[in-house]
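Chemist: based on what follows, work out the 3D shape:
(4 chains)
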2 protein chains.
Amino acid sequence: MRPETPETPANLAERLAHSGLRNTPQREVVYHALLDRRDHPTADEVYTRVRPEMPSISLATVYNCLETLVQCDLVRQVNFERGPSRYCANLHPHAHFHDEKTGATYDIPLPPEVLAQVRGVLPSGYDAKTVEITFHGQSPTA
Amino acid sequence: MRPETPETPANLAERLAHSGLRNTPQREVVYHALLDRRDHPTADEVYTRVRPEMPSISLATVYNCLETLVQCDLVRQVNFERGPSRYCANLHPHAHFHDEKTGATYDIPLPPEVLAQVRGVLPSGYDAKTVEITFHGQSPTA
DNA sequence: CTAGGTGCAAAAGGTTTGCGGTTAA
DNA sequence: TTAACCGCAAACCTTTTGCACCTAG
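Modeler: Numbering: from 1, shown residues only, chains lettered A, B, ... in the order given. Predicted structure coming up:
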């Protein structure tokens, strides 16, 4: 749903610099947490995962870092139900499948032609920067 | 995205009864508010619109009524950004276009074949009850 | 008579903000 | 040196809950 770039830690500094922002240990640690376990954690979950490594970090800083990563297009913020926002470091075009029983979220790869079909439903004049597709239901192993 | 039924006030009593629920003046008034102006209002906006007609209603009751309507499949609850949930009485298959500048939301009709294509990306085993498609960008007149 | 519904006020999330102190260009 | 950044705590906003009263079946 976005211009693609490999999601590597190395990109962080570059992307931040591109926006005139600094690379800080907090931002690195938060970004790594998202790269490590791609289960769409909430800010609070990121906070929990990151604390062992950086006990001094605050929840507010986690929120700030996530916000910054979203601004830099390194992370997608996902809100498909009322409740805490979730964060996703997968930049490849994909849809989300939200399991209503377990609450888990899975990435579903989205072929370019389907994405094109979907964009095709837009009447002319509408200029969509991003498209979000979310399924709600039951996943196989649940 | 759902089995279709015409969205008429008459359906309210029927659908409620079907779930063993009562039809109350509050529920009628809230449902009518959604049918009247389909601009995806928040609970608080519904509250404001409904008060002139029923000054005694409380915000908590508006929340309760909306929740009930969602349970009865008469209304869709929409959450595509952090912030208050929005409510939509359009039951025909449609996507949403969210204008990032104005915050307005528009319904985009969704042809069945596109919907089918989208559902097609799901690996076998995934059972999707609903699909939500949301565009973010800039709308023509904005 | 009784389950379901309302209204109120208080509480519970989740997120943002203000501010004093710190740090990298 | 100075703009960006951090951590803390308090504020904020949306939603939910507990409870007393009410009402339709």
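
Chemist: give the bridge partners for the most centrally placed residue in chain A, please.
Modeler: The C-alpha lying nearest the average C-alpha coordinate of chain A belongs to residue A:88 (CA atoms, centre = their mean; 2.1 Å). When bridges are called by DSSP bridges, residue A:88 pairs up with residue A:76.

Chemist: my guess is it contacts residue A:76. True?
Modeler: Yes - counting by CB atoms under 8 Å, residue A:88 does reach residue A:76; the two are 4.5 Å apart. Placement of C-beta: from N, CA and C, glycine included.

Chemist: relative to residue A:108, how far out is the residue nearest to the centre of chain A?
Modeler: Counting by CB to CB, to the nearest Å, the separation of residue A:88 from residue A:108 is 12 Å.

Chemist: report the contact partners of the residue located most distally from the centre of chain A.
Modeler: Residue farthest from the centre of chain A, counting by CA atoms, centre = their mean, is residue A:124 at 28.7 Å. Applying CB atoms under 8 Å, 6 or more residues apart in numbering or on different chains to residue A:124 gives the contacts residue B:140.

Chemist: so what pLDDT did the residue nearest to residue A:72 when sequence neighbours are not counted get?
Modeler: Once flanking residues are discounted, residue A:72 sits nearest to residue A:15: 4.4 Å by CB to CB, 6 or more residues apart in numbering or on different chains. Predicted confidence (pLDDT) for residue A:15: 91.

Chemist: go ahead and confirm residue A:15 touches residue A:74.
Modeler: Yes - if you go by CB under 8 Å, residue A:15 and residue A:74 touch, sitting 5.6 Å apart.

Chemist: quick one on the thing from earlier: quick one: secondary structure of the residue nearest to residue A:72?
Modeler: helix (DSSP: H, G, I helix; E, B strand; the rest coil).

Chemist: name the helix or strand for the closest residue to residue A:36 other than its chain neighbours, please.
Modeler: Of all residues not flanking residue A:36 in the chain, residue A:49 sits nearest, at 7.9 Å (CB to CB, 6+ apart). Here residue A:49, judged by DSSP states H and E, is contained in helix A:43-50.

Chemist: that'll do, ta.
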